[in-house]
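Q: What follows is a predicted structure for the sequence shown.
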Amino acid sequence: MASKRRITDCLSTAILLTGLAGVAAADQPDPYGQFSERCLGRGPDFQRTVAAAKDRDWPALATDMTTSLTPVENPVALEGWNLTTEGDGSFEALVVARASVGDSKVESCTMAYAEVDAAAFERRLVDETRAKASGTKNGQGRIRKFFEASSSERKQAITLDLPLYPNGHDEVIVSVVSEQQIEN
C-alpha cells in the first residue's frame, strides 16, 4: 500500500509545480458531487471511467502519483488523470484500478483534491451515503478514516484521508473499493 507520506508529497509537489495553490474559484464544481458521480453512484467501474477519460480527452496523471493514490495493492490495471481546470486555483485527480484481494476481483476509484473544505466533504459523505465508520488511522498531520456503505448493487469500502486540523483549504483523498461487477 502506498505510504501516506508519499501521497502527501505527491499532492504537494503537483500543487507546487502547477502553481495551483491559490484559493478555489467560486464556480468550482462541487468536489463531493464529482466524487459521487464518478465513483460512488454506480460504484467503481474501471472500463466506464477509462472510456469517459478517452471521450473527454483527460490528461494523464504522472505514473508515480497514480500509483501512490491507489488504495489497493498490486493492481492488475491502473489509470489516472489530472482533472485540474487551468487557472481555477485547485487540484483534482482521478485514479481507477483493478486488483485481486483473496479470491475476489475488486475495482477502486480514488479522487484527490486540494483547496477543499475537508470537514464539509466528510459531512456530506457520511450524510449522503449513510456510511458507517469502521476505523481510523492517524499519521503525521493526517488522519485516514474508514467507512462501509451499501448501495442496492453492492457493498463499498470507503477511505477518506484528511488533515488532522482542517482549515477549509485542505487536501482530501477519497477512495471507494468494491467487488468488480461483471456485466453479461
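A: Received the coordinates, thanks. Fair warning: this is a prediction, and the values are worked out from it, not measured in the lab.
Q: May I have the secondary structure class of Leu160?
A: What DSSP: H, G, I helix; E, B strand; the rest coil gives for Leu160 is strand.
Q: can you check Phe121 too?
A: Strictly by three-state DSSP, Phe121 counts as helix.
Q: can you check the one 5 residues further on too?
A: Following three-state DSSP, Val126 is assigned to helix.
Q: residues near it, how many?
A: 17 (other Cβ atoms under 10 Å). Just so you know, the C-beta spots here come from the backbone N, C-alpha and C atoms, and that holds for glycine as well.
Q: Thr63 too?
A: Around Thr63 there are 10 residues (other Cβ under 10 Å).
Q: Quick one: residues contacting it.
A: Thr63 makes contact with Gly80, according to Cβ atoms under 8 Å, 6 or more residues apart in numbering.
Q: do you know how far it is from Val174?
A: 21 Å (Cβ to Cβ, to the nearest Å).
Q: Equivalent analysis for Asp57, please.
A: Asp57 is 24 Å from Val174, where distance means Cβ to Cβ.
Q: So between the two, which is more surrounded?
A: More neighbours surround Val174 than the other of Asp57 and Val174, with 27 against 7 (other Cβ under 10 Å).
Q: residue ranges with poor pLDDT in the protein?
A: 1-29, 87-89, 151-152, 181-184 (pLDDT under 70).
Q: Please enumerate the helices of it.
A: 4-18, 31-35, 46-56, 63-69, 118-129 (DSSP state H).
Q: Adding distance to Glu79, write those out as a markdown table.
A: A markdown table is the format used below for the helices of the chain (distance: least, Cβ to Cβ, whole Å):
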| stretch | distance to Glu79 |
| --- | --- |
| helix 4-18 | 16 |
| helix 31-35 | 17 |
| helix 46-56 | 6 |
| helix 63-69 | 7 |
| helix 118-129 | 23 |
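Q: of these, which approaches Ser100 most closely?
A: helix 46-56 (13.3 Å; Cβ to Cβ).
Q: Would you mark the buried spots in stretch 51-68?
A: Across stretch 51-68, burial judged by 16 or more other Cβ atoms under 10 Å covers Ala53, Trp58, Leu61, Met65, Thr66, Thr67, Ser68.
Q: scratch that, stretch 33-48 is what I was asking about
A: So for stretch 33-48, counting by 16+ other Cβ under 10 Å, buried means Gln34, Phe35, Ser36, Arg38, Cys39, Leu40, Gly43, Pro44, Asp45, Phe46.
Q: between the residues you listed, which is nearest Ser134?
A: For the buried residues of stretch 33-48, the nearest to Ser134 is Leu40 (16.4 Å; Cβ to Cβ).
Q: and the closest one, what is it in contact with?
A: Shown in contact with Leu40 (Cβ under 8 Å, 6+ apart): Thr129, Ala149, Ser151, Gln156, Val176.
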